[in-house]
Structures are given as structure tokens and as C-alpha cells.
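A structural model of the following input is requested.
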Amino acid sequence: MITKLHIENFKSLADFDLPPGDLQLGRFTCLIGLNGSGKSTLLQAFDFIAHLVTGEMAAWLAQREWKHTELTTQLGGKRSPIIVFKVTMDDGSGGELVWEGRFNATQLRCTYEKITSSTDILLELNEGRLFVAGINGTANTKPEPLNFVFNGSVLSAIELKKAVPGITHVKSALRNLKSLELLSPQLMRRRARKAEDIGAGGEKLSAFLGNFKVEQRRQLLERLKEFYPLLRDWTVKSLAFGWKNLRLTEEYGEKLVLDATHINDGLLRVMAILAQAQSTHSFLLFDEIENGINPELVEKLVAFLIGLDRQVIVTTHSPMILNYIPDEVARQAVILLYKPADGKTRCVRFFDLPQMTAKLRSLGPGEVFVDTKLTELVAQLPVN
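This next block holds a predicted model:
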């Protein structure tokens with residue numbers, strides 16, 4: 001599980017820590033804030049870091065229709081192409097792993113990287129030389145000149161003859177991070193083929209579901225019925241040349257078969273989110289989780305995400321979402337992102353603010369949100 005992210009010079013995240021101070025991320029995090037405060041940018045930053053590990057930086061930029069010059073902050077003085085990052089995570093056995101580096105947006109690769117455990121340096125790339133610790137995690141090898149070219153992180157290109165637990169844990173954790181802030185019902189209606197996940201915007205949903213085994217299929221159907229009781233079945237029809245097409249069957253006295261082009265937006269979004277619970281992704285990020293979904297179903301969806309056995313971050317503009325989060329969870333999980341006059345995104349745990357703590361004694365989390373004018377609150381928050 002990722003417990004902390006530090007990033008510098010990524011769009012409005014000029015010098016940013018999530019969560020703030022000495023706090024650590026838990027299983028569930030809900031980001032709130034005014035439009036333009038940096039919520040979507042933060043999800044993009046997580047996705048950026050995950051794609052460093054795959055080395056697919058050019059494709060990632062092309063998918064978002066971004067130029068490499070648009071990655072770095074436009075605030076302040078002279079612009080630098082260097083993005084600094086530091087990811088802290090648990091190692092699964094009570095220890096801590098830290099992966100940090102400097103990414104050159106012009107070269108589309110890291111010029112410096114280091115992975116450390118609680119006691120040892122496991123990997124270090126510096127000045128064109130690479131050090132990788134031995135199988136026992138100790139420094140029993142010397143840095144060697146790089147003899148290969150890579151994009152993103154050096155982790156995308158190195159092949160370890162024997163697994164170094166800390167290094168493989170970092171690679172696995174980041175490869176299993178999935179940001180769905182581009183999720184689009186219009187894309188989810190498309191036919192697709194050969195998919196390992198649903199795609200950045202859900203465009204491979206039909207092919208991904210077509211790979212489900214019998215038990216996975218049954219579990220997804222049962223979960224969907226909790227949201228849509230009239231749903232009777234879902235199928236993926238195989239078409240020519242390997243294309244897959246999603247279909248649903250509903251019952252209103254008689255059975256009605258719906259092609260993907262006629263499935264409503266909310267059902268598609270719920271289906272995509274529930275399907276991710278059966279993927280290999282251990283860290284899921286969703287933007288504006290309430291979009292296109294009936295309020296009664298949102299309550300079930302929030303409860304489902306809070307109860308997942310994996311890490312989840314959602315963003316929302318809706319007080320309703322906060323009202324569906326238990327008070328004890330909300331105190332730890334709700335983080336306010338804001339921009340003071342300098343335009344740099346900052347964050348604070350919402351219910352750590354004294355006035356919010358006081359309100360929470362008599363109001364629900366969502367009611368506190370409704371009762372707070374964020375513009376006035378942000379004006380009172382610290383710049384540093």
C-alpha cells in the first residue's frame with residue numbers, strides 16, 4: 001500500500017505532499033475542493049508515476065493529447081523540465097520502501113532514481129551508473145555504467161536474474177495502480193479486442209469482461225443485481241476478427257436485450273467500477289465518482305469502495321458522497337485540496353480544521369461540507 005506521495009514541478013503540484021505533514025494514506029481517501037484546485041491533477045500525477053514503471057511515457061502523453069512541455073508547472077520563475085517524486089509504501093511485512101527520482105520531461109526518462117528499504121539501498125541510478133543490490137538486499141555489487149536505453153524509469157528496462165524483494169515490490173505496486181479519471185461511457189460502449197484491463201477511459205471494457213472466468217462472471221452479475229435488480233444477465237458477444245461487444249439482458253415482464261450502444265451511462269460506470277474489483281489492480285483512482293449515477297446507487301457504491309480489500313482514492317464535488325462515509329472514516333479519509341493566491345496546490349485533512357471538527361460533533365460529514373463556503377475557508381488557510 002502506498003502511504004505517501006511527494007511530487008514537485010508537476011503542473012500545479014509545485015511542491016506537494018499527500019497526505020500533508022506526517023500523516024499516512026489509508027485504504028480509502030476522498031479528495032474534495034473547488035474546481036481547479038488540483039484534484040484531477042493529483043490523480044494524473046499518480047498515473048504519471050505508475051507509467052514511469054512501464055516505460056510507456058510517449059504513449060501516455062499521446063493518449064492524453066499532451067505535450068511533454070505541459071507536464072511541468074508554469075508557475076513562478078524560470079521553468080525546469082525536471083519533475084521530482086518520492087513514493088513511500090509498506091513492504092508487506094511491517095517495513096517501509098521509498099522510491100524517489102528525478103524525471104526529465106524533455107528526455108522522457110529518469111536521470112536519477114533510488115529505492116531504499118528501512119535499512120539498505122536496493123537500487124540507485126546516478127550520473128549514468130546503475131547499482132542494484134544482491135538477492136539478500138545488501139550492497140554486494142558496484143555501480144556499473146548503463147549499457148541500455150530506457151524511457152520512464154530504469155525499472156521498466158532492468159531484468160533481474162533473481163528477484164530482489166524490495167525492487168519487485170515497488171514495480172508490482174506501481175504496475176497495479178489504475179487511474180480511471182478518464183472514464184467515459186461513450187468509450188465504454190465501443191467494441192474492443194485483446195485487453196488486459198478496461199483501458200484508460202473504459203474503451204476496452206467489452207474485451208476485458210470477455211476474459212472473465214465463470215466464477216468472476218457470476219460474482220460481477222450478483223454485484224450488479226444489487227444495484228440493478230431488473231438486470232438478468234450480461235454477455236460478451238464475439239464478432240469477426242476478434243472484436244467483442246457487450247450486451248445486457250433486463251426483465252420487465254419479458255426479457256429485453258440491450259446492445260452496449262443503448263446501455264445507460266450510470267450502469268456502464270457502475271459496471272466498470274465493479275469490474276475493477278476483480279482485476280489485479282491493488283490501487284484504484286476514480287474522478288468525480290458520482291457522475292451519471294443515481295444518488296441511491298451512489299450510497300451503495302461508496303460503501304462498496306470503502307469495503308474493498310485494496311487502496312482507493314476518489315474525488316467528488318458532492319456533499320452527498322461525504323454523507324455516505326462513516327464519521328470515523330471521514331475524519332481520516334477526507335482531504336481538502338486548495339490553491340492560494342500563488343496558484344500552487346496544497347492540501348489539508350478537512351476534519352482536522354478546528355471549525356470542521358466542531359461542526360462534525362452535531363452534523364454529518366456531508367452536512368459539514370454543505371455548511372461550509374469553501375471559497376471563504378480557502379482564503380483563511382495557510383500558504384506554506
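
Spatially central, which residue of this structure would that be?
With distances taken as Cα atoms, centre = their mean, residue 285 lies nearest the centre of the chain, 3.2 Å away.

Show me where the stretch 101-250 of the chain has its helices.
165-175, 185-188, 205-210, 214-227 (DSSP state H, counting those that start in this stretch).

about what we covered before: quick one: the residue nearest to the centre of the chain and residue 47, what's the gap?
For residue 285, the distance to residue 47 (Cβ to Cβ, to the nearest Å) stands at 7 Å. C-beta: built from backbone N, CA, C; applies to glycine.

joint contacts of the two?
Residues touching both residue 285 and residue 47 (Cβ atoms under 8 Å, 6 or more residues apart in numbering) are 177, 179, 181.

what's in contact with the longest helix along the chain?
Counting residues, the longest helix found in the chain (DSSP state H) is helix 39-54. Contact with helix 39-54 is made by 5, 7, 10-13, 16, 18, 31-33, 57, 60, 64, 71, 83, 85, 87, 101, 103, 110, 152-153, 155-156, 170-171, 174-175, 177-179, 181, 283, 285, 287, 313, 315, 337, 345, as judged by Cβ under 8 Å, 6+ apart.

again, but for stretch 248-262
Contacts of stretch 248-262 (Cβ under 8 Å, 6+ apart): 188-191, 206, 228, 230-235, 245-247, 263, 267-268.

ok, now with 6 Å
Applying Cβ atoms under 6 Å, 6 or more residues apart in numbering, the contact partners of stretch 248-262 are 189, 230, 231, 232, 233, 234, 246, 247, 263.

ok now do residue 109, which residues does it touch?
Here residue 109 is in contact with 150, 151 (Cβ under 6 Å, 6+ apart).

Pull up the gap between it and residue 180, please.
Following Cβ to Cβ, the distance that separates residue 109 from residue 180 is 26 Å.

Any idea how many residues pack against the closest residue to residue 29 other than its chain neighbours?
Beyond its immediate neighbours in the sequence, the residue positioned closest to residue 29 (Cβ to Cβ, 6 or more residues apart in numbering) is residue 313, lying 4.5 Å away. For residue 313, the neighbour count with other Cβ atoms under 10 Å is 27.

Roughly how far does residue 313 sit from residue 133?
Distance from residue 313 to residue 133, by Cβ to Cβ: 31 Å.

Just to be sure, the residue nearest to residue 29 is in a helix?
No: secondary structure of residue 313 (DSSP: H, G, I helix; E, B strand; the rest coil): strand, not part of a helix.

how far away is it from residue 84?
21 Å.

low pLDDT regions in the stretch 51-200 of the chain?
Counting by pLDDT under 70, the ranges of the stretch 51-200 of the chain that qualify are 77, 134-141, 161-163.

Okay then, goodbye and thanks.
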